[in-house]
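In: After the sequence you'll find the predicted model.
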Amino acid sequence: MVLLARIIITTLSMMTFIPVLIIPTEAVEAAEAPLNYFLHSYGPAAKPTMYLGWMLAGLSIAICLILTLLLLTALIRKRPQIDRRAIGSEGKGIRWIYIGTGISTLVLFGLVIYSLMVVNKVAKPPQTTMLAFTVTGYGWWWKIEYEHDDPAQRFVTANELHIPVGQPVRMKLKSADVIHAFWVPKLAGKTQMVPGLINQQWIQADRSGIYTGQCVQFCGVGHAHMGLEVVAESAEDFERWLIAQRKIATSFATSDEKLGYELFMEQCAGCHTIRGTDAQGEHAPDLTHLNSRHRIAAGLLMNTPDHLMQWVINAQKLKPGSRMPSFALSEKEASALASFLSTLD
């Protein structure tokens, strides 16, 4: 029964495209199916939607059972002989049509009311939000801008949201290219990200942990590999993370680090940003604190030195169609670039 419920809810969720995650062999150990978790809720923005989903699943199951029962009854029941010449015999079943239509109308009307109640409940957080950020969907990664009244306190990161536990946070959702859809199943419902339009959403995590999200609107060949993580942590840990993220990159002391920096500036600075350097690209993730993230390539790989260099050298093999090209590097160049990237804490 639970499996059937999962199938029905997944079918209902196809109002926006749910990706089939086909992960390259190199990324299997990092693979995680975020859509396994949409039957649970760990935040007040997701709980009403989860209950609505369960109710729709139960109703769908009930309808399937009723239709099956009626069909079996019609097949098994022995039909009496009818004198087709008798006047009025063709209209004897019309009352069942009236009954079915009446019940269906009442049920659908009730669903509309309940759905509007759910939408109203998740439209605004129960308390004032103290934290706001903007999430912009790119092909295929997430740009995350932490807002602040003081411009000096603002910063940009990618593919990993950090939020304090027990506090609602407000998001502005945008797209830089095509239509995307933001969904962190355990924390909130889906919200479309439409070019030229700013949508808003709020999320709240009731307990600490890492919550996996996914783009669920087909946005191109790399759509299935456009993941993100929401890291919910205590207020103290979150404040320490904020302070660390606002720092600029440190200096590079060793010869390998300097060579790697020069190589990065030559090959990568046109797209990537590293605050505190001349790298000010706007078309790819900000790498100022690259090594503070759990994953790279929008959730495709764990953030380890080996995976990082695999991504640099084989980006088009791992995520075909992405804007990240594959780089042909000599062993010395790869070692120098890896040494430099390891300093981005």
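Out: That came through, no problem.
In: three-state assignment of the residue nearest the centre of the chain?
Out: In the chain, the centroid-proximal residue (Cα atoms, centre = their mean) is Gln214; its distance is 2.4 Å. Gln214 falls in the strand class when you classify it by DSSP: H, G, I helix; E, B strand; the rest coil.
In: That one and Met226 touch, don't they?
Out: Yes: under the criterion of Cβ atoms under 8 Å, Gln214 makes contact with Met226 at 7.0 Å. For the C-beta atoms, the positions are set from N, CA and C on the backbone; glycine is no exception.
In: where exactly do the strands run in this structure?
Out: Along the chain, the segments classed as strands by DSSP state E run 131-138, 141-146, 155-158, 160-164, 169-175, 180-183, 191-193, 199-203, 209-215, 227-233, 295-296, 301-302.
In: Give me whichever of the ones you listed is most buried.
Out: strand 180-183 (a mean of 26; mean count of other Cβ atoms under 10 Å).
In: Please save the CA atoms from it in CSV.
Out: The C-alpha trace of strand 180-183 is given here as CSV (Å, rounded to 0.1, in the frame of the first residue of the first chain):
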residue,chain,number,x,y,z
HIS,A,180,13.8,26.1,-13.2
ALA,A,181,11.9,25.0,-10.1
PHE,A,182,13.2,25.1,-6.5
TRP,A,183,12.3,22.1,-4.3
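In: average pLDDT across it?
Out: Mean pLDDT, computed over strand 180-183, is 96.
In: For that strand, which strands pair with it and how are they oriented?
Out: Strand 180-183 pairs in its sheet with strand 191-193 (antiparallel), strand 209-215 (antiparallel), by DSSP bridges.
In: angle of the last one against strand 141-146?
Out: Going back to what we said before, that points to strand 209-215. Counting by axes from the mean of the first three to the mean of the last three Cα atoms, to 10 degrees, strand 209-215 lies at 130 degrees to strand 141-146.
In: Please tell me how far strand 209-215 is from the chain's geometric centre.
Out: 6 Å (Cα atoms, centre = their mean, to the nearest Å).
In: And for it, what's in contact with it?
Out: The contact list for strand 209-215, computed with Cβ atoms under 8 Å, 6 or more residues apart in numbering, reads 19, 32, 34-35, 37, 42, 137, 140, 180-187, 205, 223, 226-232, 294, 299.
In: Can you dump the C-alpha atoms of it in CSV for me?
Out: C-alpha atoms of strand 209-215 as CSV (Å, rounded to 0.1, in the frame of the first residue of the first chain):
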residue,chain,number,x,y,z
GLY,A,209,20.9,18.3,9.4
ILE,A,210,21.5,18.4,5.7
TYR,A,211,18.4,18.5,3.5
THR,A,212,18.8,17.6,-0.2
GLY,A,213,17.0,19.7,-2.9
GLN,A,214,16.6,19.4,-6.6
CYS,A,215,15.5,21.4,-9.7
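In: pLDDT of it, averaged?
Out: pLDDT averaged over strand 209-215 gives 93.
In: Also the first one?
Out: Per-residue confidence for strand 191-193 averages out to 95 on the pLDDT scale.
In: follow-up on the earlier one: reformat the strands of the chain as TSV; add distance to Met265.
Out: Output for the strands of the chain, formatted as TSV (distance: least, Cβ to Cβ, whole Å):
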stretch	distance to Met265
strand 131-138	22
strand 141-146	21
strand 155-158	19
strand 160-164	25
strand 169-175	29
strand 180-183	30
strand 191-193	32
strand 199-203	36
strand 209-215	31
strand 227-233	28
strand 295-296	20
strand 301-302	24
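In: And those: which comes nearest Cys64?
Out: In terms of Cβ to Cβ, the element of the strands of the chain nearest to Cys64 is strand 180-183, at 26.4 Å.
In: roughly how far is that closest one from the heart of the chain?
Out: Relative to its chain's centre, strand 180-183 lies at 5 Å (Cα atoms, centre = their mean).
In: Return the per-residue confidence for Cys271.
Out: On the pLDDT scale, Cys271 is placed at 95.
In: What's the local residue count around it?
Out: Cys271 has 16 neighbouring residues, counting by other Cβ atoms under 10 Å.
In: what does Thr250 give?
Out: By the criterion of other Cβ under 10 Å, Thr250 has 11 neighbours.
In: Identify the residues contacting it.
Out: Going by Cβ under 8 Å, 6+ apart, the list of residues near Thr250 reads Gly276, Thr343, Asp345.
In: ok, now Met193?
Out: Met193 is in contact with Val135, Thr136, Gly137, Leu173, Lys174, Ser175, Ile179, His180, Ala181, Phe182, Asn199, Gln217, counting by Cβ under 8 Å, 6+ apart.
In: Specify the residue ranges that define each domain of the protein.
Out: Following automatic domain parsing, the chain resolves into domains at 1-72+98-244, 255-341.
In: which regions of the stretch 101-250 of the chain sit below the pLDDT cut-off?
Out: Of all residues in the stretch 101-250 of the chain, none has pLDDT under 70.
In: Test my guess that Asn303 contacts His294.
Out: Yes: contact between Asn303 and His294 holds when scored by Cβ under 8 Å: they sit 5.9 Å apart.
In: That'll do, ta.
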